[in-house]
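A.B. asks: Mind folding the following:
(one chain, ligands or ions: 1)
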Amino acid sequence: ELPGFLTVRDFATLAGLPVNRVLAELMKNGIFASINQKIDFDTAAIVGSDLGLEIKPSQEGETDGDQPQDQKIQEIIKRQAGGTLLMRPPVIVVMGHVDHGKTKLLDAIRNTDVVAGEAGGITQHIGAYQVTRKEKLLTFIDTPGHEAFTAMRSRGAKIADVAILVVAADDGVMPQTIEAFRIIEAAKLPFIVAINKIDKPGINLDKIKQELSSQLNIVPEDWGGKTPCIPISAKDGTGIEDLLDILLLTAEMETENIQANPDAKDAAGTIIDSRVDKGEGPVATVLVQNGTLRIGDQMVFGGTIYGKVRALKNYRGENLSEAGPSTPVKIIGLKLAPAVGEILETGKGEKIKLKNIKAATEKPESAAAAAVEDTTAKKINIIIKADVLGSAEAIEESLEKIGNQDIKAKIINKGLGNINEGDIIRAEAAKAQIVGFNVKPTTQAEDLAREKNVQVATYRIIYDLINDVKQQMQALIEPEIKRTELGKLRILAVFRDLGKEQIIGGKVTSGILEENCFFEVERDGQLIGAGKLLELQAGKQIVKMVDINQECGLKYQGEPVKEGDILFAYKEEKIIKKL
Ligand code: GDP
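C.D. replies: Numbering: from 1, shown residues only. Okay, here's the model as predicted:
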């Protein structure tokens, strides 16, 4: 029995298996986790069943703080329940390998809605949009690249009802196809496959279906399986309407899960996009999941009031007075920008544990703390590019762990796919270096990197990558200088002046003198300068050390000295702190 989230180590312990075995199994599933990384129940269940275990969710009540937010949103919705549940538009997410056509498909779908195009003029990118098909509304999350979706997933916010897995017909099943599918599987999302780019010459649909079934166990409907696989071209529009019809059908089969109560007392939803706009201040897009969000509503995030809704705008830039379930809306009136994946609730009362936020400029505490920290530690800025998100996340997590209070790795950005010119430009602007895992720089990117002097390194083994960065960080750590007092010497005679050096004689009056030591020079009770020992002689022999009460000869360099001066001897050691 497993909780909603647990570390790989805890999972191994509970399963009675060596950690390595669990890590290997995770890796087979495209998840490059570290021992202390948390995995969610669904991931654990999939890996567990591969390991021959029977896994059930544990019945113990979890503490509020540990609860993944998707349980929270379900709970909020449950808490608000009662009332009548009505159908809401299905929320659809598009996933797949980079360049397989996710953005193009989202554009093609948007363009099927002629009315939207005409009425709105310019459509706005707010992170999601809606289209009407056969008088039914469909909501599409249009933050392609499953980055945003994964950010939400890692916060446990479940937002999508149906997924489209895009596979390019000319490229087939690729690493991110596999990863996207694992995410879909773990989230138990109903999904359909869109085989894209069928306008290209020499396409073999059977070959793609073969890959889907052999590599992912996705058996197409027309092969007797249960997954619709629709050939499309996002470029010329072929198959897009079929795809929408199949989406509607898929959603119809899920009606029980695609319901909400628009009349709930309070509204709740998940933030799917968030930024600070120069003119408008903090703006965010919320996907309303229950209830109805209205102008004037108080917005609460995790017990803190972030302001009142001043205006709501849809993806066409039109003002709305309210937004019901499955409607994505841009909210204006926030005093702070919430994070993607955070859950918005409206209303007052028991939910609000913390104070009201006063000023628009006030930073959340954690950000303020981070700002303080920033000034003390040196940073090495890094952009991560990897073939799949699981490795990018694992690398990010490992790199963040190797720093200490003196030096830190700061991940400027992480992305998927080969290193391109955009990455180089971003790296140059952020004074960052790029590390690639299982990816290559394009030829243009290589040239640009040389021109802009941006450091790019690629790896096939995560350990090597981490180690390289660690060594760079180690080299940047300033050694700590440790000073040890040795003893005192009274100068009895200056035998010779050799330009910058002097040959002197003296007597150790306390402690010792040692080779390579440094001096402070005191004359008549005043510090007048510094010097160092070049050579030490006792009884005409070169020695390493002279003890108290012994007389000795010194080859000395530094502030010129005279008979009667006192030299205070000390040594310095450089101590390199290991990361
Ligand atoms: P994403 O990385 O998955 O969002 O992929 P994009 O939508 O940016 O598409 C990657 C490239 O493939 C772009 O150059 C598109 O113009 C092209 N592309 C996308 N869909 C099609 C298609 O149906 N046919 C053809 N020939 N090219 C396409």
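
A.B. asks: check contacts around the residue lying closest to Ala160 once chain neighbours are set aside.
C.D. replies: Nearest residue to Ala160 in three dimensions, chain neighbours excluded: Val93, at 4.0 Å (Cβ to Cβ, 6 or more residues apart in numbering). For the C-beta atoms, the positions are set from N, CA and C on the backbone; glycine is no exception. By Cβ atoms under 8 Å, 6 or more residues apart in numbering, the contact list for Val93 reads 140-141, 146, 149, 159-160, 162-164, 189.

A.B. asks: with those residues in mind, which one is nearest to the ligand?
C.D. replies: His146 (10.0 Å; Cβ to the nearest ligand atom).

A.B. asks: Tell me which residue in the stretch 451-579 of the chain sits closest to the ligand.
C.D. replies: Closest point on the stretch 451-579 of the chain to the ligand, by Cβ to the nearest ligand atom, is Thr458, at 20.4 Å.

A.B. asks: For that residue, give the beta-bridge partners.
C.D. replies: Gly436 (DSSP bridges).

A.B. asks: Can you name the residues that contact it?
C.D. replies: 419, 435-437, 439-441.

A.B. asks: Next: Ile503.
C.D. replies: Contacts of Ile503 (Cβ under 8 Å, 6+ apart): 494-496, 553-556.

A.B. asks: For it, I want the exact helix or strand it lies within.
C.D. replies: Assigned by DSSP states H and E, Ile503 belongs to strand 501-511.

A.B. asks: tell me the phi and psi of Thr177?
C.D. replies: Thr177 has phi and psi values of phi -60, psi -40 when expressed as degrees, to the nearest 10.

A.B. asks: Give me the distance between the closest residue to it other than its chain neighbours and the ligand.
C.D. replies: Closest residue to Thr177 apart from its sequence neighbours, by Cβ to Cβ, 6+ apart: His97 at 4.7 Å. Distance, His97 to the ligand, by Cβ to the nearest ligand atom, to the nearest Å: 7 Å.

A.B. asks: likewise Gly281?
C.D. replies: 30 Å.

A.B. asks: Kindly report the same for Lys335.
C.D. replies: Distance from Lys335 to the ligand, by Cβ to the nearest ligand atom: 34 Å.

A.B. asks: same check, this time on Leu243
C.D. replies: Distance from Leu243 to the ligand, by Cβ to the nearest ligand atom: 12 Å.

A.B. asks: Sort out which residues of the helix or strand containing Glu393 are buried, please.
C.D. replies: Secondary-structure assignment from DSSP H and E places Glu393 in helix 389-402. The neighbour-count check on helix 389-402 (16 or more other Cβ atoms under 10 Å) flags 389-396, 398-399, 402 as buried.

A.B. asks: tell me the average confidence for that helix?
C.D. replies: Mean per-residue pLDDT for helix 389-402: 83.

A.B. asks: Does anything pack onto it? Which helices or strands?
C.D. replies: With contacts taken as 3 or more Cβ pairs under 8 Å, 6 or more residues apart in numbering; DSSP states H and E, helix 389-402 sits against helix 147-154, helix 175-186, strand 378-386, strand 407-416, strand 433-437, helix 462-476.

A.B. asks: mean pLDDT for those: which is lowest?
C.D. replies: helix 147-154 (a mean of 57).

A.B. asks: ok, then the element right after that one?
C.D. replies: strand 162-168.

A.B. asks: contacts for that next one?
C.D. replies: So strand 162-168 is in contact with 90-97, 99-102, 105, 173, 177, 180-181, 184, 187, 189-197, 208, 212, 243, 247, 250-251, 254, going by Cβ under 8 Å, 6+ apart.
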